[in-house]
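**Student:** Sequence and computational prediction follow.
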Amino acid sequence: MHATITTAVGSGRRVFRWRVVDIVVAAVLAVVAGLVFWVWDQASNPVGAPITAALPGLQGIINGPWLFAGVLGGLVVRKPGAALFTELVAATVSALIGTQWGPLTLLSGLVQGAGAELVFALVLYARWNWLVALLAGAGAGVGESVLDLLVWYPGAKASFAVVYAAGTIVSGAVIGGLGSWAIVRGLARTGALSRFGAGREVSERV
């Protein structure tokens, strides 16, 4: 599929067709993210147990490390489907290595990626600042909150659901959103993203 649209300032045209380099870089980011997911899978229970004991539902604040892949892929590739692709592939890598959630890991990747993707779509894949990254991370958190409450905490009290959803969304916004934005900026400064808009934006400011 090939589509172009004029930018808001009319200074150029954006091509939404995926290049080979887009696919390769998104896949590499996804694999690395999948490894991070797996590591956090092992650490999440020991970290989350005392938090849950302190306030049931507050364990949602540790979900952020699972919510960054889609935002990261979207910010780098800047094409429709990038957030969904990166998050879903990362979840697949994590599941193949082995997780306690089994095939449901893929469903988590799907809803997390869709949540971030929706935010990028709402701004017409035209804005890539920290605020959009924050909202995309929050979007991933919304998707994960709904899934978790339906699958893992059915019938939970309203107070638990509110605390869990709020914690997950905030964690997604901060770690998944702003964290990914910071990673992209750091990578761009090294020249690693010179073939992407994110890299060119940083080099133009230097």
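**Tutor:** Structure's in. What do you need?

**Student:** can you pull the pLDDT of residue 103?
**Tutor:** Looking at residue 103, its pLDDT reads 89.

**Student:** residue contacts, residue 22?
**Tutor:** 77, 79, 82 (Cβ atoms under 8 Å, 6 or more residues apart in numbering). Where you see a C-beta, it was placed from the backbone N, CA and C, and this is true even at glycine.

**Student:** Equivalent analysis for residue 88, please.
**Tutor:** 30, 106, 109-110, 113.

**Student:** same thing but 6 Å
**Tutor:** 109-110, 113 (Cβ atoms under 6 Å, 6 or more residues apart in numbering).

**Student:** ok now stretch 47-66, how far from the chain's centre?
**Tutor:** Computed by Cα atoms, centre = their mean, to the nearest Å, the separation of stretch 47-66 from the middle of its chain amounts to 19 Å.

**Student:** swap that for stretch 126-137, sorry
**Tutor:** Counting by Cα atoms, centre = their mean, stretch 126-137 comes out at 11 Å from the chain centroid.

**Student:** In that stretch, which of the residues would be classed as buried?
**Tutor:** 128, 132-137 (16 or more other Cβ atoms under 10 Å).

**Student:** And for stretch 139-150?
**Tutor:** Buried, per 16+ other Cβ under 10 Å, within stretch 139-150: 139-145, 147-149.

**Student:** one step back: Throw the contacts of residue 22 into TSV and include secondary structure, thanks.
**Tutor:** Formatted as TSV, these follow (DSSP: H, G, I helix; E, B strand; the rest coil):
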residue	secondary structure
77	helix
79	coil
82	helix
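
**Student:** Pull out the buried members of the residues you listed.
**Tutor:** Buried members of the contacts of residue 22, counted by 16+ other Cβ under 10 Å: 77, 79, 82.

**Student:** Okay, now the unreliable bits of the chain?
**Tutor:** 1-13, 203-206 (pLDDT under 70).

**Student:** quick one, helices of the chain?
**Tutor:** Using DSSP state H, the helices found in the chain span residues 20-54, 69-77, 82-97, 104-122, 130-151, 158-171, 179-190, 197-205.

**Student:** Which of the ones you listed has the highest mean neighbour count?
**Tutor:** Mean neighbour count (mean count of other Cβ atoms under 10 Å) peaks for helix 69-77 among these, with a mean of 32.

**Student:** Compute the inter-axis angle for that one and helix 104-122.
**Tutor:** Helix 69-77 and helix 104-122 are oriented at 40 degrees to each other (axes from the mean of the first three to the mean of the last three Cα atoms, to 10 degrees).
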